[in-house]
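# Show me how the following folds:
(one chain, ligands or ions: 2)
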Amino acid sequence: MLLEVRDVWYSYPGSSFTLRGVSLGADKGEVVAIIGPVGCGKTTLLMIASGLIKPHRGVVLFRGKLLEEQLPRARRSIGVVFQDPNDQLFNPTVYDELAFSLRQLNYSEDEIRSLIGELARRFNLEDLLDKSPYKLSAGEKKMVALASILIYGPELLFLDEPTSNLSAKFSREIKSIILEMKESGKSIIVASHDIEFVMGVADRVYVMSDGAIIGGGSIVDVICSESLLMAADMELPLVLQVLKALKVDFKSDVLLLNRGKLIGLLKKKLC
Ligand SMILES: Nc1ncnc2c1ncn2[C@@H]1O[C@H](COP(=O)(O)OP(=O)(O)O)[C@@H](O)[C@H]1O
Ligand SMILES: [Mg+2]
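Ligands and ions are numbered 1, 2, ... in the order given. Prediction:
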């Protein structure tokens with residue numbers, strides 16, 4: 001396991017919320033999703049798993065060793081993208097935002113220019129480089145926040161609600177970036193409320209409720225379990241709702257998750 005969270009407990013001073021004995025893991029090249037209702041502890045868990053908050057009990061292992069003992073060095077290998085990009089963006093221009101971490105790591109300005117050029121093309125940020133991050137749309141801000149982390153090439157990325165407040169276009173972009181990262185062997189842990197998005201990117205899912213993990217498994221197992229999704233305050237993905245209404249036994253055929261096959265099957269049923 002690249003990352004392992006073992007039996008962590010945490011509570012905020014003056015709050016009744018407690019993270020209760022949570023364990024999770026992520027392998028190299030794996031996309032792991034954490035789902036659950038608002039306030040169940042997803043963000044707190046991400047902060048602990050990424051080493052930003054120290055748990056009161058339990059441990060976080062990164063590459064098999066205690067993460068806290070590898071900090072701050074391990075920060076170069078771990079990226080965290082917060083839910084609200086306004087919490088992350090603070091530089092006068094998008095260019096400086098993207099350059100920030102590289103300057104901290106003592107890259108030369110020539111190297112920085114070249115890396116930013118590459119990334120700006122991939123993220124469609126070329127026309128925004130001279131702008132203030134504060135003047136951007138919500139989707140553009142999110143892409144800049146994500147790019148400012150990916151520019152230093154973390155092998156483990158935490159994404160907190162990456163599609164919240166985003167148009168379908170930016171959600172699709174983020175999905176394709178996650179899948180590209182996975183393809184290149186990176187690991188991604190994503191907290192999300194967006195079941196259609198989770199269905200499109202995740203290999204494995206943990207379901208949280210009230211500070212604890214209450215279930216989980218492969219993405220197919222989880223999206224087919226209506227009771228688990230209901231406990232996570234989520235509904236079956238629309239395509240599965242349609243199949244259920246048509247009385248198609250989707251549980252037995254994971255390939256139905258493939259859009260082409262699904263459309264073929266629906267046509268057969270309806271025509
Ligand atoms: N800094 C904080 N101080 C006190 N309570 C907090 C703090 N941050 C979050 N909480 C509380 O902890 C609980 C879990 O929050 P959070 O981890 O943000 O859940 P989620 O991301 O699933 O919505 C909530 O009840 C929230 O109000
Ligand atoms: Mg949250």
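# and the residue of the chain at minimum distance from ligand 2, how many neighbours?
Going by C-beta to the ion, ligand 2 is nearest to Thr43 of the chain, at 3.3 Å. In this view, the C-beta of every residue, glycine as well, is placed from N, C-alpha and C. Neighbour count of Thr43, defined by other C-beta atoms under 10 Å: 18.
# That one reaches Asp160, doesn't it?
Yes: using C-beta atoms under 8 Å, Thr43 is in contact with Asp160, at 5.6 Å.
# overlap in contacts of these two?
Counting by C-beta atoms under 8 Å, 6 or more residues apart in numbering, the shared contacts of Thr43 and Asp160 are 83, 191.
# Spatially central residue in the protein, please.
The centre of the chain sits closest to Val190, judged by C-alpha atoms, centre = their mean, with a distance of 2.3 Å.
# That one - nearest residue in space that isn't next to it in sequence?
Nearest non-adjacent residue to Val190, counting by C-beta to C-beta, 6 or more residues apart in numbering: Leu159, 4.4 Å away.
# Quick check, Ile53 in contact with Leu46.
No: Ile53 lies out of contact with Leu46 (C-beta under 8 Å); the separation is 9.3 Å.
# Those two: which has the busier surroundings?
Leu46 (23 against 18).
# re the thing from before, where does the residue of the chain closest to ligand 2 sit: helix, strand or coil?
Three-state assignment for Thr43 (DSSP: H, G, I helix; E, B strand; the rest coil): helix.
# one step back: residues contacting the residue nearest to Val190?
So Leu159 contacts 81, 146, 174, 178, 188-192 (C-beta under 8 Å, 6+ apart).
# Can you get me the start-to-end distance on stretch 53-62?
15 Å (C-alpha to C-alpha, to the nearest Å).
# So which bits of it are buried?
53, 55, 58, 60-62 (16 or more other C-beta atoms under 10 Å).
# Neighbouring strands - and their directions - for the helix or strand where the residue nearest to Val190 lies?
In this structure, Leu159 is located in strand 156-160 according to DSSP states H and E. Applying DSSP bridges, strand 156-160 is found paired with strand 78-81 (parallel), strand 187-191 (parallel).
# got the contact list for the shortest one?
Meaning strand 78-81. With C-beta under 8 Å, 6+ apart, strand 78-81 has contacts from 46, 50-52, 62, 88, 145-146, 149-150, 152, 154-160, 162.
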